[in-house]
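> can't give you the sequence, but here's the structure:
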């Protein structure tokens, strides 16, 4: 790798490439402090795998700030028949190595393991009624995604690219130590690789990585934008809480469901033809554009995107007729329960395959909650209101293509290692 490449771009490239050589190069270039190891008593860790918020950084408005670097490993269980207890114990030893090696935080390591409907089909008994895990499917008349049915997804996240790369080497490579902790077991003997996906999120990172298909040659992504489309997301008051997305009863209580979509971005028109007014109107709400509510990437909005405060969800049909456009956030905010969000987004951008992409990762109590939110976001009911079409002027639908989608159960920590469909906790 060229030492003339700026550090942030270099680290992203190393994470995307992966492997021991990329790890060695990343360690030489990344300003990684000497990290402490994890806790001695792992029983102190939370029951929920997805309980990340308490150990994330926050911005000046109290919004959670996602870890900068992400790796997704899609895998198939390599054993014949249902997993054995011996394989469960091996996997648990492997995952506990990660917890002992790094602090559980954005500056250390955060990770989850989730399982697909195809994985649970390998058991004689079905999942309990308390779990709503559906097969993935197309959710709009204009999309034809390939459907991911790999058995499991491992999600690794850290502010340091060298951390996620080192973890991969410990789990799937030849590393004998991880941050000074002995590696007792890996996952390479338990799983066959299906796909590896990488990404990043954070102020300035998209601008550093915009020389890819889907972004105009003029490289217009704002220098301070946390995501490719130029605006921030993840406002605290527009995210479901971890309590709200957690399964409430049954053996998988304190788990959740995870939806993962690979979305390709097409931002030539977004940046080269569309006005700032149109970008704000289609990302947020026409009222936001008309009243000049959004400055820059939207940091001035604080901890809310001002959807309900400005009456945007309730007046989506009126705005479609009046302005000829409806907003993405405006439509999505219609899928709420008691005026409370039902989805927790943890998505991030990507340059996998040299294309500007979004790995849309969401957590929700049931997959039905995701389906309802996606249907609201489609805005099919608004497509006959003035110039609003099935995709054009209908939020940001025309700027993206859903290429892949998968649904998963993210169990509680106690059941994360090759769980049975009807486990005895």
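Looks like it came in fine. Just so you know, these numbers come straight off a predicted model, no measurement behind them.
> which residues does the residue lying closest to residue 148 once chain neighbours are set aside contact?
Leaving aside its sequence neighbours, residue 148 sits nearest to residue 406 (CB to CB, 6 or more residues apart in numbering; 3.1 Å). Where you see a C-beta, it was placed from the backbone N, CA and C, and this is true even at glycine. Residue 406 sits next to 74, 116, 136, 147, 148, 149, 150, 153, 259, 260, 261 when contact means CB atoms under 8 Å, 6 or more residues apart in numbering.
> then residue 48?
242, 246, 254, 255, 256, 412, 413.
> restricted to buried residues, select the residues you listed in PyMOL.
Buried members of the contacts of residue 48, defined by 16 or more other CB atoms under 10 Å, are picked up in PyMOL with:
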select buried, resi 242+246+254+255+256+412+413
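> among the contacts of residue 48, which are in helices?
Of the contacts of residue 48, the ones assigned to helices by DSSP state H are residue 242.
> in strands, which of the contacts of residue 48 fall?
residue 256 (DSSP state E).
> compute the first-to-last residue distance for stretch 387-401.
21 Å (CA to CA, to the nearest Å).
> determine how far it lies from the middle of the whole chain.
22 Å (CA atoms, centre = their mean, to the nearest Å).
> list the buried residues of the helix or strand that residue 86 is a member of.
Assigned by DSSP states H and E, residue 86 belongs to helix 85-101. Going by neighbour count (16+ other CB under 10 Å), the buried part of helix 85-101 is 87-88, 90-92, 94-101.
> dump those residues into CSV; add distance to residue 233 as well.
Below are these laid out as CSV (distance: CB to CB, whole Å):
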residue, distance to residue 233
87, 38
88, 37
90, 38
91, 33
92, 34
94, 33
95, 29
96, 33
97, 33
98, 28
99, 29
100, 33
101, 31
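> for these, which one is nearest residue 217?
residue 98 (41.0 Å; CB to CB).
> quick check: the closest one vs residue 328, distance?
36 Å (CB to CB, to the nearest Å).
> identify the bridge partners of the closest residue to residue 16 other than its chain neighbours.
What sits nearest to residue 16 in space, not counting adjacent residues and going by CB to CB, 6+ apart, is residue 198, at 4.7 Å. Going by DSSP bridges, residue 198 is paired in beta bridges with residue 71.
> list the contacts for residue 198?
So residue 198 contacts 15, 16, 18, 69, 70, 71, 72, 350, 352 (CB under 8 Å, 6+ apart).
> for the residues you listed, which one is nearest residue 227?
residue 350 (10.8 Å).
> isn't the closest one up against residue 205?
No: with contacts counted by CB atoms under 8 Å, residue 350 stays clear of residue 205, the gap being 10.9 Å.
> what is the burial count for residue 189?
12 (other CB atoms under 10 Å).
> for this structure, which segments are assigned as helices?
7-17, 20-29, 85-101, 117-120, 161-172, 205-208, 242-245, 268-272, 276-283, 286-290, 316-323, 328-332, 367-378.
> now do the contacts for residue 223.
204, 207.
> also residue 93?
Counting by CB under 8 Å, 6+ apart, residue 93 touches 184, 185.
> coming back round to it: between the contacts of residue 406, which is nearest residue 107?
residue 153 (23.4 Å).
> any weak-confidence spans in this structure?
1-5, 385-386, 425 (pLDDT under 70).
> how about the contacts made by the closest residue to residue 222 other than its chain neighbours?
Distances taken as CB to CB, 6+ apart put residue 230 closest to residue 222, at 5.2 Å, once the chain neighbours are dropped. Counting by CB under 8 Å, 6+ apart, residue 230 makes contact with 221, 222, 271, 279, 297.
> identify the farthest-apart pair in those residues.
Greatest spatial distance among the contacts of residue 230 (CB to CB): 271 and 297, at 13.9 Å.
> what residues of stretch 366-383 count as buried?
Per 16+ other CB under 10 Å, stretch 366-383 contains these buried residues: 366-367, 369-379, 382-383.
> what's the closest non-adjacent residue to residue 264?
residue 401 is the one closest to residue 264 (CB to CB, 6+ apart), at 4.7 Å.
> distance of that neighbour from residue 138?
Distance from residue 401 to residue 138, by CB to CB: 12 Å.
> these two touch, right, the residue nearest to residue 264 and residue 142?
No: Residue 401 is not in contact with residue 142 according to CB under 8 Å; the separation is 9.1 Å.
> between those two, who's got more neighbours?
Set side by side, residue 401 and residue 142 show more neighbours around residue 401, with 17 against 13, by other CB under 10 Å.
> what residues does the more buried one make contact with?
Here residue 401 is in contact with 143, 263, 264, 266 (CB under 8 Å, 6+ apart).
> derive a ChimeraX selection command for the buried subset of those.
A single ChimeraX command selects the buried members of the contacts of residue 401 (16+ other CB under 10 Å):
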select :143,263,264
